[in-house]
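K.L.:
kindly return the folded structure for what I paste below:
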Amino acid sequence: YMLKTDCDNLKNVTQQVETFLEGCSVAKSELLKEMITGLQLTKESLCGSELQEDLNLWRDCFNPSVFAGCKKNVEERLDKLKQDGALGDYEKWCRNKSLSYQCALKAGAGCPTIADRARKAVENYINTLMDVNRCLRPTVYACEGKLVHDCHWKFVYEIDLTLPLLQSGEGALATCKAAKSVSTCTRNVQIEQCSEEEKTYLRTVEDGFRRSVDSLCDEKLPTSAEVWNKCLNQEALKNCTWKIPDPRDFDDPYLQFCRVKEERLKCELAAGSNCSASADVAKKALYAIRMTEIDIYNCSRPKLDGYGGSGFRTTPAILLTLSALCVALLPTRQTLLLDFN
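P.N.:
Residues are numbered from 1 along each chain as shown. Coordinates of the predicted model:
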């Protein structure tokens, strides 16, 4: 009875979603297509004529001890990541929910092939549940590249609020401490299951940032920053940056966005070109921060006078934020996962 109820509910919700989206340009949203496909697959799985028999086989071969051990490991890893600063409360909640449900598939890994329909139904159901909860699917969480990105981006974002002016005195020491904490944030993050393309991107960010820490922790930076902040020609900087074209005015906004980052840095360095040599440490620190920012945005490092550069470029990690859409109204009783909470 409950299985039939879930099937009927899914048919109803699927029809509502399809009606709601009539006339919408779904083809332009890969994420939306994935969610709709997931909902349709879940409906087909739950409405299969032989699913009840397959579910009985699945429950008979399901290994509760494997499930419990897997969930415990997930919770312990996520606790470590949160302690390191790599996870916030909501992100931890989402990952715990998603990866714990994934443990159900591991607990049923020893089931015979005759139970494959049930396994697929559970997998499809888990994906839909994650969509409904505005979390990512277990296979997406397997690659923790987003955490590496976020650890670095949090540092860059906070320090970028005052650039090109730099923290001096005690503020410079705090910046150094924050820069060193990034390695703590990423120390338990796993990227083994990321694509080779994404691994290359992440390593580029990490390697570049490690080089930046030396500049940000230079013992001369606190006093050098004071000199830099006073001698920076703000009027020249304003006039220079005003001439940088808006990236939205070009056919390829991403490439132009990278160009804007480069031109902005050139303006900042030029605005401080008349500073004395005692400001050089600060100028080097500014360059290091901007290079980390450029790496995070996956732009090519510019070749500027007196500085190195790299033409290395990869496809950026795609960071997805799922929307529940109409699927959030899914009135299911979660038949397949009754035993997995």
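K.L.:
for the residue sitting nearest the centre point of the chain, phi and psi?
P.N.:
For the chain, the residue nearest the mean C-alpha position is K146 (2.9 Å; CA atoms, centre = their mean). Backbone geometry at K146, expressed as degrees, to the nearest 10, gives phi -60, psi -30.
K.L.:
do you know how far it is from D131?
P.N.:
K146 sits 17 Å away from D131, going by CB to CB, to the nearest Å. Where C-beta positions appear, they are placed from N, C-alpha and C, glycine not excepted.
K.L.:
ditto for D160
P.N.:
D160 sits 33 Å away from D131, going by CB to CB.
K.L.:
the more surrounded of these two?
P.N.:
Legend: neighbour count by other CB atoms under 10 Å for D160 and D131, higher for D131 (25 against 14).
K.L.:
the more buried one: which element?
P.N.:
Of the helices and strands defined by DSSP states H and E, D131 is found in helix 116-132.
K.L.:
now that helix: average pLDDT?
P.N.:
On average, the pLDDT along helix 116-132 is 84.
K.L.:
how about stretch 140-152?
P.N.:
Per-residue scores along stretch 140-152 average to 93.
K.L.:
repeat for stretch 190-201
P.N.:
Here stretch 190-201 scores 94 as its mean pLDDT.
K.L.:
name the residues of that stretch that are buried.
P.N.:
Residues I191, C194, E198, K199, Y201 are the ones in stretch 190-201 that count as buried (16 or more other CB atoms under 10 Å).
K.L.:
again, but for stretch 89-99
P.N.:
Going by neighbour count (16+ other CB under 10 Å), the buried part of stretch 89-99 is E91, K92, C94, R95, N96, K97, S98, L99.
K.L.:
next one: stretch 269-281
P.N.:
For stretch 269-281, burial by neighbour count (16+ other CB under 10 Å) applies to L269, A271, G272, C275, A279, D280, V281.
K.L.:
the fifth one contacts V227, correct?
P.N.:
Yes: in this structure, A279 is within contact of V227 by CB atoms under 8 Å, at 4.3 Å.
K.L.:
which residue ranges of the stretch 1-150 of the chain form helices?
P.N.:
Taking DSSP state H, counting those that start in this stretch, the helices of the stretch 1-150 of the chain run over residues 2-20, 30-46, 51-61, 64-84, 89-107, 116-132, 138-141, 145-160.
K.L.:
for the fifth one, packing partners?
P.N.:
Okay, so that is helix 89-107. Applying 3 or more CB pairs under 8 Å, 6 or more residues apart in numbering; DSSP states H and E, one finds that helix 89-107 makes contact with helix 64-84, helix 116-132, helix 138-141.
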